[in-house]
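Colleague: Structure for this input, please:
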Amino acid sequence: LALPFGDERKKFLNRRFKIEGIPTLVALNRSGRTVSTDARKLITSHGADAYPFTEERLKQLEEQLEEEAKGWPEKLKHELHEEHELVRTHQAEYSCDACDEMGYGWSFYCEECDFSLHPNCAMKNDGEAEEQKEGWICEGDVCRRV
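Modeller: Have a look, this model is predicted:
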């Protein structure tokens, strides 16, 4: 359901689903019960794989994310951000400060400076450029998830 700006039904829906702010995506099951009031974030993070938005499915996705990052360092230093270590973090959405492309999922991040790098952009500095991680393609200085 998409509501035009200022629609009076918004107040009712905010109370009904206990949500604040827009945009919001609420997932309902076949019987009309609320499965998630945070479906927008889940789709941003996991895409269609988030469906059916159940706790079990979300646990599976978290396990897959952990498997994807096996062998990656928890922290690393990078020449583009020598001030602080970058910490391996899962972010719903970020902009890579090396290649200026959007990223979803894993990044190496400095919270103090709000500096993020794609995993492949970050690990090129660690001598791992040749050993590209599965699920990423790097062309020149641009890395993107496939």
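
Colleague: Neighbouring strands - and their directions - for the longest strand anywhere in the chain?
Modeller: Using DSSP state E, we find that the single longest strand of the chain is strand 81-95. Here strand 81-95 is paired, per DSSP bridges, with strand 75-78 (antiparallel), strand 102-110 (antiparallel).

Colleague: Identify each buried residue in that strand, please.
Modeller: Using 16 or more other Cβ atoms under 10 Å as the test for burial, strand 81-95 gives 81, 86, 88, 94. Any C-beta I mention is one placed from the backbone N, CA and C, and that applies to glycine too.

Colleague: winner for burial among the strands paired with strand 81-95?
Modeller: Highest mean neighbour count among the strands paired with strand 81-95 (mean count of other Cβ atoms under 10 Å): strand 102-110, with a mean of 20.

Colleague: Contacts made by that one with the rest, please.
Modeller: Under the criterion Cβ atoms under 8 Å, 6 or more residues apart in numbering, residues 44-45, 65, 68-69, 72, 76, 78, 81, 83-96, 115-119, 122, 145 lie in contact with strand 102-110.

Colleague: now with 6 Å?
Modeller: The contact list for strand 102-110 (Cβ atoms under 6 Å, 6 or more residues apart in numbering) reads 69, 81, 84, 86-91, 93-96, 116-119, 122.

Colleague: do stretch 40-54 as well
Modeller: Here stretch 40-54 makes contact (Cβ under 6 Å, 6+ apart) with 25, 27, 35-36, 39, 61, 92-93.

Colleague: Assign L42 to helix, strand or coil.
Modeller: Under DSSP: H, G, I helix; E, B strand; the rest coil, L42 falls in the helix class.

Colleague: any idea how far it lies from F108?
Modeller: Using Cβ to Cβ, to the nearest Å, L42 is found at 23 Å from F108.

Colleague: Tell me how far the residue positioned nearest the centre of the chain lies from E79.
Modeller: Centroid check for the chain by Cα atoms, centre = their mean gives A92 as the closest residue, at 2.2 Å. Distance of A92 to E79, given as Cβ to Cβ: 27 Å.

Colleague: Would you state the strands of the chain in chain order?
Modeller: 27-28, 34-36, 75-78, 81-95, 102-110, 115-117, 136-139, 142-145.

Colleague: how about CSV for the ones you listed, with distance to E20 and mean pLDDT added?
Modeller: Shown next, in CSV, are the strands of the chain (distance: least, Cβ to Cβ, whole Å; pLDDT from 0 to 100):
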stretch, distance to E20, mean pLDDT
strand 27-28, 17, 89
strand 34-36, 15, 88
strand 75-78, 35, 92
strand 81-95, 18, 90
strand 102-110, 24, 90
strand 115-117, 26, 95
strand 136-139, 35, 64
strand 142-145, 30, 62
